[in-house]
Structure formats: structure tokens, C-alpha cells
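Enquirer: Following is a predicted model, sequence given first.
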Amino acid sequence: MSNGSEQRLSGIVSILFGAIMLGYGFLIRSGSLNWLLAYLKTQKEADLQVTLCFVLGGLGILVGLIYLVRKPTGSILDNYVLGPAPGMMMLLLICMVILWYMEPMINIWSAAAAPTLKFSFAKIFNLNHVVLGILVGILITNTIGIPKFAAQGVKTARFVLKMGIITLGARYSLAELTNLGQISIWMIGFFVVGTVLLVLWLGKLFDTPHSMTGVLSSGMGVCGVSAAVACAPVVKAKSHEMAYTIGTILLWGVGCMFLFPTIGKILDMTPTQFGSWAGTGILNSAQVAAAALAFNAVDITTLKVAEIFNITRVLFLPLIVLILAYWFSKVTGDTSGRKLSLKEVVVDKFPLFVLGFILMFVLSSAGVFGPAQHYQGKYLDFSYSKRTEITPEELQALGAFIAVPENVQKLSDKEKSALNDLNTQHQIAGDFASKNDSKLFYAQGKERMETIEAMVAAKKIKDKKAEGALKHAVKQVYKDSKTITLLTDLMMWFFAYGLLGLGMQITWSSISQAGGAPLIIGAISGTAKAVLSLIVVLLLIKEAI
Amino acid sequence: MEEEKAQPTTTRNAASMEERALSVFQSERNEDLTAMIMTFLCTFIVLVFTKWI
């Protein structure tokens, strides 16, 4: 095909994709697809869908028209905007299908199957936009292949993925670490760094490529899929290496999820011990929660402790990114036969985008995007506000419940006090007298909230209306930072786009070439971590942390 | 000795060329810098609309 006809095709394709987006935007705006959005539970996203479709569709048509009337000159505009545009439009259209249709559909099927399976398969297998993006990409490239007009656009995937990783930094805050217990920080830190180093050593032993070892170490050491995605460009991992690592992590996690509760029960572990162990040894957050609930669904301590350990582990991600960036610069430098100086490793070879990730993490920790003590954009706010209060009907139901002595006689003093305080203050809060001492006020509010959460989990409140009031009261103190929520939405798009494009670079042959080494290394390091953490937990952790 | 030194360099060049072939950017530094600038621009816009307006 001549250059002229290729250019015409690219122009027509851009206009076509743009028109599809605009058409879909108009359909959503007219309300004719409301029934579908209601079924998929995505009505809240209707405005976003319309805006994105109008903006991106309009841009697609504009680019298509420029293609048809202008000859490429090899300028920056041609290389970085017009050239990749048709492929970018294609990726964006597929991302819309993944984020607006595939992910919600899988969540609906997963929820429908949950009563039979006793777990949510979407959460356990991490079937979110990240994994779906890779899978769809692999499927496209190995069936219909990448169309010629899209080849240049697919090459923007890694760049966009890096934007997602930089944005990921906004979701974590150093201040969250200060809220956690000393033991959990030291223990998790030891296991995270220890597992990373163990995998790096095993990689050397099995002679696997540095890039594969690096990405596997982050996934096995920190928190699974997101850590593997964040560290992949740091160690220049190839697309199939990242996919292999994610597969290994998820498979390993599923095995642990079933095995851990059984071992915990055989060893007669306490809820705190099991929560600590599951939070350390299992990789994926949903799998940690599933194992904790399978071990003990009544006592909320197991789940809480497991979540604390899980959060602590994730917060080590920035440190691991730095360690891996340093390690990779050093090992790849050695291949030239000479040792690199510290300046060469840190200044010249250090991946620049990691600095962006760290800078976002620092800004987030400084409270630029939301209160500094947030975790993934969520934080507790006990300050007095009408918006935090429960409704008058709920208050009435709660008052009526407390007034009957039989209802509260089996509750502990702490539980009774939490209920009475909620009834008096209309919201979960600290003591009114200590409202000027923010630390004390926060601690009191948090303790009350946890007491109420535990009562609800243990089903101690038999009255449905009163129980509803308590659930609502807890929900009211969990606040979202608008900035971080929007940045997270952006990050989701960057990840879906980036991983879809990277998935398109994975062929079946590249996966089979990777061999079984990652699975073996994953299994060895995962087992070592699980066994060691079990011993440490049994020896060190008795009851409270 | 010369040959031994040349081989890893050639392998590295090949790896680097393979890596560039998978990106629209001519160097990794350009890719990283553009990603950083674009992300911080997006973040600034998000901050303007969610916090400062």
C-alpha cells in the first residue's frame, strides 16, 4: 500500500472511531441507555462518559480531517501526535469497553456466583482493568493482530503506563505509617525487603533475565499486581515478563487463600496471629481479606489486623521502587565489564519517572491532595458536621433500641458507651470536652468506630433498623479526598490503556519462551516467606499489636 | 579481550534498539520527562478543579 493510501486509511479510521465515540456520547446524554447503565451500576459515571466521548471523539474527527488534507512532514506533530493518533483512538475505544462494560459485567457475574462459590471470583482473581487490559491485548494480538494503522499508537502504551505509575504515588502517604504499630512496621519491612532480596538471589541462581527477576521480586515482596506493574518499567521488564509475573502472583495467592485458613485452624492461631500471618504471607489484598474472613468471619479482629499488615506492606512500595532502580542500574552496568560509580548509578542511569512517583508520594504525604493521614484517598473524619450525622429516623430507631434493657444487657460497658455516645452526639465522634485536643478526639472517635464495627460484624445488634443506623454511622466517618479520587480515576485509565498496549506486544511464543523458572522462583520465595512469617508470628505475636 | 568487551556492548545496543522500537520516543529520558510533565500537568488541573476552585 502506498504512503498516500495509508494516510487516507488512518484519516478515515480516526474519523470512524471519533464518530463512534460521539454517537455513544449522544446516546448516553439522551438517556436512551439509562436502563443499561442502571443494570451495570454505572449511572454515576454517565456524565464522565459523555464528557470523555465528546472530547475524545471530537479530537479523533479533527485528527482524521487533518490526515486527509495535510501531507506528513516528519515534524514533532507528525511523530508524536498525528502518527500515533489512530492507534491511540483504537486503544481508547477498547479501554472504554473494558472500563465501562467488561469490568462491571464481571463484577455482576461475580456477585451472582458468590453465594455458591462462597467468594467473589472477580476480586480473588483480580479481574479488574489491569488484568483485563493485558488479557484483551494478548487476545487481540494473537487472533486478529494489530492493524497497521494502529502500530504507532500501540507504541505509546509504555509511556502512558509510566504516567499511571507516577499518579499511583498520590494514593499512598507516609503519615499512614505513623498510625500503625511498631511491630507491624518492622515485621512487614523485614519480610518485604527480605523477599525482594531472596527473589533477586534466586534469579541469579536460576540465571533468569534481570528484568524478569526484578519485576517478580517486587510482585512477590510487596503487594502483587500493582507492585509488579509499578516496578516493570523500572527494571525494563518486557511485556510478557510482566504478564508472567502477574499470573504467578495470582496463582500463588489463590493457593494460599485456601491453604492459610486450614493451617491457621490446625495450629489453633488467635485472630491477631492469623491476621498478621495472612497480611504478611498472601500477596493480593482481596485474597488477604478472603483468607481472613474464611478463618474467622465473626471476630472482626482477624480482618482488621490482616488489613493493617496489608496496608503496611503496600506503603513499602516507594522504597522497593528505589531499591530496584538502584539494583537494576548496577547489574546492567556490570555487563559492560566495569563497575559503575555511585554517581553513574544514581544520577545517570536512574529512571527519571521514578522521581515523579516519589515526588507524588511526597506531595501526598505532605497533605497536598487530601489530609496527610489518608490511605488510597480514604480517611477518617470525626469532626462535627451535619453531613457526618445519621438521619433523624435512624436516631429514633437507635434510641428505641437502647431504651429496652434486654437489648443492651449482654453488651460490654465499652459497647454500651459507644451506642450511648452515638445517640447523644448523633454521629461517631470523640468526647465533646476533648474537641480542642485533636489527637485525643481522633483516638476516642476511632475507638468508638471500631467498637461499633465489631458489634455489627459479630451480629450483636438484633434490631434491623438499629443495625442499619450503626452501619450508616460508620460509613459517614469514612471520607474520600476528591482530588485523590479523581487522580485514581485518571490512574485507572492510564493503567488500562498502558496494559492493553503492552498486552498487544505479548505473543504466545514469547510467553512459552519465558519457561517455568518464574513459577519455580515464585513458589520458593512465596513458601519461604509464608513459613518464616508463620514462625515469627507464632513466636512474637500473642494478642494485641 | 577486545572481543569479550565488544560483545556485551553489542548485546546492550541491540536491547536498547529493541526497546526504542517499542516506543514512540527516541530516548528513555525523553519518554520519562514527557510522562512526568504530562502527569504533573494533569495533577495541577485536577487540583485546580477539586481544591482551588
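Expert: All right, it came through fine. Numbers count the residues shown, from 1 in each chain, chains lettered A, B, ... in the order given.

Enquirer: elements contacting whatever helix or strand residue A:214 lives in?
Expert: Residue A:214 belongs to helix A:210-221 when assigned by DSSP states H and E. Where contact means 3 or more C-beta pairs under 8 Å, 6 or more residues apart in numbering or on different chains; DSSP states H and E, helix A:210-221 is packed against helix A:182-206, helix A:225-231, helix A:239-266, helix A:317-334, helix A:517-540. Quick note: C-beta positions are derived from backbone N, CA and C, even for glycine.

Enquirer: With mean neighbour count and mean pLDDT added, can I get those in JSON lines?
Expert: Formatted as JSON lines, the helices and strands packed on helix A:210-221 follow (neighbours: other C-beta atoms under 10 Å in any protein chain shown; pLDDT from 0 to 100):
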{"stretch": "helix A:182-206", "mean neighbour count": "19", "mean pLDDT": "85"}
{"stretch": "helix A:225-231", "mean neighbour count": "27", "mean pLDDT": "83"}
{"stretch": "helix A:239-266", "mean neighbour count": "21", "mean pLDDT": "84"}
{"stretch": "helix A:317-334", "mean neighbour count": "20", "mean pLDDT": "82"}
{"stretch": "helix A:517-540", "mean neighbour count": "18", "mean pLDDT": "84"}
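
Enquirer: pLDDT averaged over the helix holding residue A:214 - what is it?
Expert: Averaging pLDDT along helix A:210-221 yields 87.

Enquirer: Present the helices and strands packed on helix A:210-221 as CSV; the columns should include distance to residue A:428.
Expert: Below are the helices and strands packed on helix A:210-221 laid out as CSV (distance: least, C-beta to C-beta, whole Å):
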stretch, distance to residue A:428
helix A:182-206, 24
helix A:225-231, 31
helix A:239-266, 31
helix A:317-334, 31
helix A:517-540, 31
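
Enquirer: Let me have those helices in CSV, adding distance to chain B as columns.
Expert: Conversion of the helices and strands packed on helix A:210-221 to CSV gives the following (distance: least, C-beta to the nearest C-beta, whole Å):
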stretch, distance to chain B
helix A:182-206, 17
helix A:225-231, 13
helix A:239-266, 8
helix A:317-334, 8
helix A:517-540, 19
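
Enquirer: Figure out which of these is closest to residue A:93.
Expert: Nearest to residue A:93 among the helices and strands packed on helix A:210-221 is helix A:239-266 (20.6 Å), distances taken as C-beta to C-beta.

Enquirer: Chain B: helices as residue ranges?
Expert: Assigned by DSSP state H, the helices in chain B fall at B:2-21, B:28-47.

Enquirer: OK, contacts around the residue nearest the centre of chain A?
Expert: Nearest to the mean C-alpha position of chain A, counting by C-alpha atoms, centre = their mean, stands residue A:226 at 6.0 Å. Residue A:226 is in contact with A:130, A:168, A:314, A:317, counting by C-beta atoms under 8 Å, 6 or more residues apart in numbering or on different chains.

Enquirer: Enumerate every residue touching the third one.
Expert: With C-beta under 8 Å, 6+ apart as the criterion, the residues that contact residue A:314 are A:172, A:222-223, A:226-227, A:285.

Enquirer: about what we covered before: confidence-wise, which of the contacts of residue A:226 comes last?
Expert: Among the contacts of residue A:226, residue A:314 has the weakest pLDDT, 79.

Enquirer: so where's the chain uncertain?
Expert: In the absence of a named chain, this looks at chain A. Along chain A, segments meeting pLDDT under 70 span A:1-4, A:176-181, A:223, A:297-298, A:333-349, A:513-516, A:542-545.

Enquirer: that's the wrong chain, I meant chain B
Expert: For chain B, the stretches with pLDDT under 70 are B:1-21.

Enquirer: ok, back up a step: buried residues in the helix holding residue A:214, which are they?
Expert: A:210-221 (16 or more other C-beta atoms under 10 Å in any protein chain shown).

Enquirer: Helix A:239-266 and that helix, what's the angle between them?
Expert: In terms of direction (axes from the mean of the first three to the mean of the last three C-alpha atoms, to 10 degrees), helix A:210-221 departs from helix A:239-266 by 30 degrees.

Enquirer: hey, where'd the strands end up in chain A?
Expert: A:378-380, A:478-480 (DSSP state E).

Enquirer: In this structure residue A:431 contacts residue A:444, no?
Expert: Yes. With contact defined as C-beta atoms under 8 Å, residue A:431 reaches residue A:444; the gap is 5.6 Å.

Enquirer: Name the nearest residue to residue A:105, sequence neighbours excluded.
Expert: In space, and not counting its chain neighbours, residue A:105 is closest to residue A:40: 6.9 Å by C-beta to C-beta, 6 or more residues apart in numbering or on different chains.

Enquirer: Tell me how many other residues crowd residue A:116.
Expert: When counting by other C-beta atoms under 10 Å in any protein chain shown, one arrives at 7 neighbours for residue A:116.

Enquirer: Could you do the one 5 residues further on as well?
Expert: The burial count assigned to residue A:121 is 15, neighbours taken as other C-beta under 10 Å.

Enquirer: what residues are up against it?
Expert: Residues counted as contacts of residue A:121 (C-beta under 8 Å, 6+ apart) are A:110, A:113, A:127.

Enquirer: mind checking how far it is from residue A:42?
Expert: Residue A:121 is 20 Å from residue A:42, where distance means C-beta to C-beta, to the nearest Å.

Enquirer: do residue A:451 as well
Expert: Residue A:451 is 35 Å from residue A:42, by C-beta to C-beta.

Enquirer: Which one of the two is surrounded by more residues?
Expert: residue A:451 (20 against 17).

Enquirer: Chain neighbours aside, what residue packs nearest to that one?
Expert: Nearest non-adjacent residue to residue A:451 (C-beta to C-beta, 6+ apart): residue A:418, at 4.3 Å.

Enquirer: what about the one you found, neighbour count?
Expert: The burial count for residue A:418: 24, using other C-beta under 10 Å.

Enquirer: Please apply the same query to residue A:416.
Expert: 14.

Enquirer: that older thread, tell me the contacts of the residue nearest to residue A:451?
Expert: A:448, A:451-452, A:455.

Enquirer: Quick one: distance of stretch A:200-208 to the chain centre.
Expert: On the basis of C-alpha atoms, centre = their mean, to the nearest Å, stretch A:200-208 sits 28 Å off its chain's mean C-alpha point.

Enquirer: Just the C-alpha atoms of it, please, in CSV.
Expert: Coordinates of each C-alpha in stretch A:200-208 appear next as CSV, following Å, rounded to 0.1, in the frame of the first residue of the first chain:
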residue,chain,number,x,y,z
LEU,A,200,16.9,-11.4,43.4
TRP,A,201,19.3,-14.1,44.7
LEU,A,202,17.1,-16.9,43.3
GLY,A,203,17.0,-15.1,39.9
LYS,A,204,20.8,-15.2,39.9
LEU,A,205,20.8,-18.8,40.9
PHE,A,206,18.4,-19.8,38.1
ASP,A,207,20.0,-17.4,35.7
THR,A,208,16.8,-15.7,34.7
